[in-house]
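Chemist: What follows is a predicted structure for the sequence shown.
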Amino acid sequence: MKSLFTRTGWLRLGSIAVAAVSLAGSTSPVAAANFNPPKHYYLALGDSIAFGVQLGRFFRELATGTYDPTTFNTGYVDDFAGKLRTIDPNIESVNLSCPGEDTASYLGLTPCLFRAVFPTLPLHTVYGGSQEAAALSFLRNHPGQVSPITIDIGLNDAQVPCVLPGFVVDVPCLHRTMPAAMQSVAQNLPKILAELHQASPSSEIILMTYYDPYYVQDPSTDALIASLDNEMIAIATVNHVRIADAFGPFNRTGDEGSTICALTAMCPNLDPHPTDAGYSVIAQQLWNASGFSRLGD
């Protein structure tokens, strides 16, 4: 196992997908064609944020040979599932996320980096092939039984090429990779969202936009990622997908640096993934966007 692991390798796998902004800054749901309340299954899709990654825990488990995906159970998927169960305690969550996933690997155009570098390490859910194929298969095998679907995908398109040894992201590199990332997201995200809706039109779909953990290193990253975040919002709106804004509560609280240090592991570990508190904040944003609170009031 250790022969597969390098400090550069893990970040190339991905876990970096955490740096975007939302100029909209709204927690209200984007208008959708219909309101689709929770059903028997909650399907979670995406990258390391959906997986619930925290690098410190991963490194400890890897070093001791105790890696277990079930220990990554403090992420937003778990917290949001808990909120859904206040409506129906029998709701089951199915998490297909893969750390390091970008829009191309989601579609099977390239491999998910986690599975490529750590082929013996399981994900939350065992499946072969792409996350796209697994998601569509699950939806078609459970017609009318899935709502909501949450997804965070796209920021690895820009950030994976900027990973340096020592688990550090080369922030200036983001200025060079963003144009290509904008193109790949503009090309791939509409397909991802449209086919989810086509496979399960009775599912409420919620797309998470990203916060910017790198503000504490370079405040210019807020504006840099804004254009990509807005592209995601525009694509989601066209596809009648709701938006959960993570940028507002992480980056627009009046003391941005202190909030990032509290809600992520950036200070001092330079881990852009959320702390447990940060994951809880994202789950609340998903809940706000879903409109499901009306069912319990």
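Modeler: That came in fine, so what should we check first?

Chemist: can you tell me how far Glu231 sits from Thr66?
Modeler: 40 Å (CB to CB, to the nearest Å). Placement of C-beta: from N, CA and C, glycine included.

Chemist: Comparing those two, which residue is more hemmed in?
Modeler: Between Glu231 and Thr66, Glu231 has the larger neighbour count (other CB atoms under 10 Å), namely 18 against 9.

Chemist: which residues touch the more buried one?
Modeler: Applying CB atoms under 8 Å, 6 or more residues apart in numbering to Glu231 gives the contacts Met182, Val185, Ala186, Leu189.

Chemist: Which of these fall in helices?
Modeler: Taking DSSP state H as the definition of helices, the contacts of Glu231 contribute Met182, Val185, Ala186, Leu189.

Chemist: Now do the same for the spatially closest residue to Pro111 that is not a sequence neighbour: its pLDDT.
Modeler: Among residues not flanking Pro111 along the chain, Ser105 sits closest, at 6.0 Å (CB to CB, 6 or more residues apart in numbering). Ser105 carries a pLDDT value of 97.

Chemist: quick one, what contacts Ser105?
Modeler: If a contact means CB under 8 Å, 6+ apart, then Ser105 has Cys98, Pro111, Cys112, Leu113, Ser130, Gln131 as its contacts.

Chemist: out of these, which one sits closest to Pro272?
Modeler: Leu113 (15.8 Å; CB to CB).

Chemist: got the residue ranges for the helices in the stretch 1-150 of the chain?
Modeler: Taking DSSP state H, counting those that start in this stretch, the helices of the stretch 1-150 of the chain run over residues 7-13, 48-51, 55-64, 76-84, 103-106, 113-117, 131-141.

Chemist: Cys162 is nearest to which of the ones you listed?
Modeler: Among the helices of the stretch 1-150 of the chain, the nearest to Cys162 by CB to CB is helix 7-13 (9.3 Å).

Chemist: Count the neighbours of Leu123 for me.
Modeler: Residues within reach of Leu123, counting by other CB under 10 Å, total 20.

Chemist: give the contact list for it.
Modeler: Contacts here follow CB under 8 Å, 6+ apart; on that basis Leu123 touches Phe51, Pro69, Asn95, Leu96, Ser97, Cys98, Phe114, Arg115.

Chemist: Among those, which one lies nearest to Ala81?
Modeler: Asn95 (8.9 Å).

Chemist: partner residues bridging the closest one?
Modeler: In this structure, Asn95 bridges to Ala44 when assessed by DSSP bridges.

Chemist: cool, and Asp152?
Modeler: With DSSP bridges as the criterion, Asp152 is bridged to Gly46.

Chemist: That one contacts Tyr211, correct?
Modeler: No - in this structure Asp152 lies outside contact range of Tyr211 using CB atoms under 8 Å: 10.7 Å.

Chemist: These two: which has the busier surroundings?
Modeler: Tyr211 (34 against 30).

Chemist: Geometric centre of the chain: which residue is closest?
Modeler: Asp152 (3.2 Å; CA atoms, centre = their mean).

Chemist: do you know how far Asp271 is from Leu224?
Modeler: Counting by CB to CB - Asp271 and Leu224 are separated by 20 Å.

Chemist: one step back: the helices of the stretch 1-150 of the chain: which one's closest to Gln159?
Modeler: Among the helices of the stretch 1-150 of the chain, the nearest to Gln159 by CB to CB is helix 7-13 (8.9 Å).

Chemist: ok, Ser203 - contacts?
Modeler: Contacts of Ser203 by CB under 8 Å, 6+ apart are Asn36, Lys39, Leu43, Leu139, Val146, Ser147, Pro148, Ile149, Leu196, His197.
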